[in-house]
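Undergrad: Quick one, structure for this:
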Amino acid sequence: MNEDIAKEYIALIPNLFGSFSELNKGSVELSHMQNHVIEFMYMQQRALNLKDISMGLDIAKQQLSNIISDLEAEGYLVKVSDPKDKRAVLVSLTTRGTEIVGEKWAKIYQRFSDNLTKLSEEEKLDLNFALHKVNFLLKKLEE
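TA: Residues are numbered from 1 along each chain as shown. Prediction:
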């Protein structure tokens, strides 16, 4: 049974990735790495230092510094001195940075909603149940 579950799980990954990649195409004008940084910052909902971002995304600080500088120059992020550590810098999203994330997810949601029109009502119920169940069980595995 474990082998069958593992095979289905592994088969799910490229299906989800391919589906999401298609939904995500052209939804944002940022590079792949810039998008990761913006999304991570958005999810954290607070200012972060470079070390926290570097560790959270598993990106070398040298590479991250260039990405942060570019995002700052484009008005998506702002850097300020950390009041607790004058040597450190805190990075936070600007209004523009927050808006671009919202716009991206609105586009993805709309594309996904459009795709759902391909399914019958019964298939939509099946998909909803299956997604709910997979999410529930995967969270349970993390406990």
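Undergrad: So which bits of stretch 9-23 are buried?
TA: For stretch 9-23, a neighbour-count test (16 or more other CB atoms under 10 Å) marks Leu23 as buried. Using the backbone N, CA and C atoms, a C-beta is placed for each residue, glycine as well.
Undergrad: residues making contact with it?
TA: Ile108, Arg111, Phe112, Asn115, Val134 (CB atoms under 8 Å, 6 or more residues apart in numbering).
Undergrad: Secondary structure for the residues you listed - can I get that in a markdown table?
TA: Shown next, in a markdown table, are these (DSSP: H, G, I helix; E, B strand; the rest coil):
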| residue | secondary structure |
| --- | --- |
| Ile108 | helix |
| Arg111 | helix |
| Phe112 | helix |
| Asn115 | helix |
| Val134 | helix |
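Undergrad: Just the buried subset of the residues you listed, please.
TA: Going by neighbour count (16+ other CB under 10 Å), those have Ile108, Arg111 buried.
Undergrad: And the furthest pair within the contacts of stretch 9-23?
TA: For the contacts of stretch 9-23, the maximum inter-member distance is 20.8 Å, found between Arg111 and Val134 (CB to CB).
Undergrad: Output the contacting helices and strands for the strand or helix carrying Val89.
TA: Per DSSP states H and E: Val89 is located in strand 85-93. Secondary-structure packing of strand 85-93 (3 or more CB pairs under 8 Å, 6 or more residues apart in numbering; DSSP states H and E): helix 32-44, strand 48-49, helix 50-57, strand 77-82.
Undergrad: Enumerate the positions of it that are buried.
TA: Going by 16+ other CB under 10 Å, strand 85-93 has these buried residues: Val89, Leu90, Val91, Ser92, Leu93.
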